[in-house]
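Colleague: Predicted model and sequence follow; I will ask about them next.
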Amino acid sequence: MNAEPLVVANCSKWYGHVLGVSDITWRISGGIVGVLGANGAGKTTLMKLMTGLIQPSRGSIDVFGTSPFRQPEVRARIGYAPDHDRTWDEMTVRELVTRLAELAGVDRRRAGAAASAAIELVGLADARDRTVRVLSKGMRQRTKLATAIAHDPDLIVLDEPLTGVDPVARIDLVERIRELAKRGKAICISSHVLYEIEALTDRVAVLDRGRLVADGVVSSIRRQLPQQPYRVRVVCDRPRDLAAALVASTAIASVAIDREAVVADTYEVDRCYTAVAEAVRACDLVVTGMSTLGSDLGALLTALTRGPRE
């Protein structure tokens, strides 16, 4: 079956009078997609709908052309790592991953080998015989990832998989998620640590209070927000001279001096870069740093939603 990994059509979910997600239409064709949003935005609800754990109140969700809620067999093609840590802590890593592989449909004779391969892939080979109870937060996150992939699913859904992972381990885990994508897996991943999503993918879906407010490549979404200026910060030896030169540029909306730096607001970032380069050359300035503020996912999320809530 060549159907897309995920097609969401006019999907809503509410819990009594509480709205989970509202009228979402969305699709995943492959690769890595990041789901962004503040606490309560609906990310976990959407992921539970994707995995068939809950049923839409209205609309539909198809995974590879089939409803994961109504057709349990399609769930064998889905791997899910939830955001919570509730599990069988008395088991070893190997035992836990093996048992969950069996529950996901892997033949008992193959489950041990499948679990070992998944444990190796997530970098837990040295800890495979430790009980889950004694693992660090980072190791528990890796264990959850191993349970999500041991049955070789085609769609992998990861809810906050990098939370609590130390920086060094986080870099390694990001690389391992990338490796899964290289193997042809479709991966949906949520995170509050926005730069981690940037490290994984430039394709995002942004939720705000249960609604999908943006979907696509970050640069394309950013271009749809002309009312949100970029802010270019240039550190140089004579910031007043640079500021004076930039004031005349039509590519720059405003200029300010911030200690040793010039901060320029612009709606045309490419023309701003050109203006800065020309001014630096004309004034014979020494530039020691340059950054563009407001173009990252954090600024994008704040611009698309009604302000940060976390």
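Modeller: Yes, it's here.

Colleague: what ranges do the helices span in the stretch 151-300 of the chain?
Modeller: 167-182, 194-200, 218-223, 239-247, 269-283, 297-304 (DSSP state H, counting those that start in this stretch).

Colleague: between these, which gets the lowest average pLDDT?
Modeller: In terms of mean pLDDT, the lowest-scoring of the helices of the stretch 151-300 of the chain is helix 297-304 (a mean of 70).

Colleague: Looks like H151 contacts G105 (just checking).
Modeller: Yes: between H151 and G105 there is a contact under C-beta atoms under 8 Å: 6.1 Å. Backbone N, C-alpha and C define where each C-beta goes, glycine included.

Colleague: Which of those two has more residues huddled nearby?
Modeller: H151 (24 against 14; other C-beta atoms under 10 Å).

Colleague: Could you measure from that one over to Y15?
Modeller: 30 Å (C-beta to C-beta, to the nearest Å).

Colleague: just to revisit the earlier point, for the helices of the stretch 151-300 of the chain, give me a markdown table that also has mean neighbour count and distance to N10.
Modeller: Output for these, formatted as a markdown table (neighbours: other C-beta atoms under 10 Å; distance: least, C-beta to C-beta, whole Å):
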| stretch | mean neighbour count | distance to N10 |
| --- | --- | --- |
| helix 167-182 | 15 | 28 |
| helix 194-200 | 18 | 26 |
| helix 218-223 | 16 | 22 |
| helix 239-247 | 18 | 48 |
| helix 269-283 | 16 | 36 |
| helix 297-304 | 19 | 21 |
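
Colleague: Skip the chain neighbours and tell me the closest residue to the most centrally placed residue in the chain.
Modeller: Among the residues of the chain, the one closest to the centroid is G34, at 3.0 Å (C-alpha atoms, centre = their mean). Leaving aside its sequence neighbours, G34 sits nearest to I197 (C-beta to C-beta, 6 or more residues apart in numbering; 3.7 Å).

Colleague: Mind picking out the helix or strand in this structure with the poorest mean pLDDT?
Modeller: Least confident element among the helices and strands of the chain, by mean pLDDT, DSSP states H and E: helix 297-304 (a mean of 70).

Colleague: Nearest to R209, out of the helices of the stretch 151-300 of the chain?
Modeller: Ranking the helices of the stretch 151-300 of the chain by proximity to R209 (C-beta to C-beta) places helix 297-304 first, at 11.6 Å.

Colleague: where does the protein dip in pLDDT?
Modeller: 1-2, 193, 225-228, 294-299, 306-310 (pLDDT under 70).

Colleague: ok so, going back, can the helices of the stretch 151-300 of the chain go into CSV with extra columns for distance to A115?
Modeller: Output for the helices of the stretch 151-300 of the chain, formatted as CSV (distance: least, C-beta to C-beta, whole Å):
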stretch, distance to A115
helix 167-182, 16
helix 194-200, 25
helix 218-223, 36
helix 239-247, 59
helix 269-283, 48
helix 297-304, 35
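
Colleague: what's the closest of those to T98?
Modeller: helix 167-182 (19.5 Å).

Colleague: ok, residues contacting the closest one?
Modeller: 31-32, 121-123, 138, 141-142, 145, 149, 156, 158, 161-162, 165, 187, 189, 196, 199-200 (C-beta atoms under 8 Å, 6 or more residues apart in numbering).

Colleague: closest to E4 out of the helices of the stretch 151-300 of the chain?
Modeller: Comparing these against E4 with C-beta to C-beta, the closest turns out to be helix 167-182 (15.9 Å).

Colleague: Just give me how far the closest one sits from the chain centre.
Modeller: 13 Å (C-alpha atoms, centre = their mean, to the nearest Å).
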